[in-house]
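1. Provide a 3D model corresponding to the input given below.
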Amino acid sequence: MLVAAAVCPCPPLLVPEVAAGAAPELDALRDACADALGVLAAARPDLLLVIGPADLAGRGPHREGATGSFKGFGVDLDVRLGRDRGTRDRGTVADRPLPPSLAVGAWLLARARWAEAPVEGLGVGEPLETDRCTSTGQDLAARAERVALLVMGDGSACRTVKAPGYLDDRAEAFDAAAAHALGTADPGALIALDALLAYELKAAGRAPWQVLAGAAEGADLRGQLLYEDAPYGVGYLVATWS
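-> Modelled structure (predicted):
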């Protein structure tokens, strides 16, 4: 059963070494993410699952101990998902590198010195249909008696003319709807987010958020929005459900 969730954005710029001279610009966002992870630790889960958007190579499960790298972003920095328990077998899914979203999640956990529960990852494809997202979430919530989720994903990337997706007048309203749904722990409102519109607005968090909605079914959790802003024209949201 889902007992807590933290929602964080997943730009590699969250990692100060990647952001370099621009690192201080996201200090408030990093602090909000740290506070969100504190809520997960306080819930004392039996299992933590990190969920984030992934391309085809990164989709599917990633076992604890899987590694990721920020070398593709010009930084010689590797991260590990949870602890290396020495149980990985060569040639399994554990040997695949973490997709960037899960690598950022692993970095956040390492920064928080997570040691509360085993950690596993799940890379979710951006095109995943809403029904499959929610059914996946239901399956995840049944994995243990006390399950927590760290849900990685950005809002729209079309908030300004300098944004990755340029300016789209629909982006601000989309992000506002997502922020309200996350801040009030409203699974129905997350499920109602339009998948096609999210794709057009480059909102990579849509599918992971809808996985959260499925996992939260019947959990009766309360939400709190810790951060809402659009630096660099991308919607970043931090929220907790507990």
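
2. who are the contact partners of the residue nearest to Glu25 when sequence neighbours are not counted?
-> Nearest residue to Glu25 in three dimensions, chain neighbours excluded: Pro231, at 6.4 Å (C-beta to C-beta, 6 or more residues apart in numbering). C-betas here are computed from N, CA, C, even on glycine. By C-beta atoms under 8 Å, 6 or more residues apart in numbering, the contact list for Pro231 reads Glu25, Leu26, Leu29.

3. Pro231 and Gly72: what is the separation?
-> 21 Å (C-beta to C-beta, to the nearest Å).

4. longest single helix anywhere in the chain?
-> Taking DSSP state H as the criterion, the chain has its longest helix at helix 27-42.

5. ok, and for that one, which residues are buried?
-> Buried residues in helix 27-42, counting neighbours by 16 or more other C-beta atoms under 10 Å, are found at Leu29, Arg30, Ala32, Cys33, Ala34, Asp35, Ala36, Leu37, Val39, Leu40, Ala41.

6. one more: stretch 199-208?
-> Using 16+ other C-beta under 10 Å as the burial criterion, the residues of stretch 199-208 that qualify are Glu200, Leu201, Lys202, Ala203, Ala204, Gly205, Arg206, Ala207, Pro208.

7. where's the fifth one, which helix or strand?
-> Translated: Ala204. Using DSSP states H and E, Ala204 sits within no helix or strand.

8. that older thread, could you export the buried residues of helix 27-42 to a markdown table, including columns for pLDDT and distance to Glu64?
-> Converted to a markdown table, those look like this (pLDDT from 0 to 100; distance: C-beta to C-beta, whole Å):
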| residue | pLDDT | distance to Glu64 |
| --- | --- | --- |
| Leu29 | 98 | 26 |
| Arg30 | 97 | 24 |
| Ala32 | 98 | 25 |
| Cys33 | 98 | 20 |
| Ala34 | 98 | 21 |
| Asp35 | 98 | 24 |
| Ala36 | 98 | 20 |
| Leu37 | 98 | 17 |
| Val39 | 98 | 21 |
| Leu40 | 97 | 15 |
| Ala41 | 96 | 17 |
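
9. got the CA positions of stretch 2-14 in CSV?
-> The C-alpha trace of stretch 2-14 is given here as CSV (Å, rounded to 0.1, in the frame of the first residue of the first chain):
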residue,chain,number,x,y,z
LEU,A,2,1.2,3.5,-0.8
VAL,A,3,2.1,5.4,2.4
ALA,A,4,4.0,8.4,1.0
ALA,A,5,5.2,9.9,-2.2
ALA,A,6,7.5,12.7,-3.2
VAL,A,7,7.2,14.4,-6.6
CYS,A,8,10.4,16.1,-7.9
PRO,A,9,11.5,17.4,-11.3
CYS,A,10,14.3,15.7,-13.1
PRO,A,11,16.5,18.2,-14.9
PRO,A,12,20.2,17.2,-14.8
LEU,A,13,20.8,20.8,-13.8
LEU,A,14,19.6,19.9,-10.3
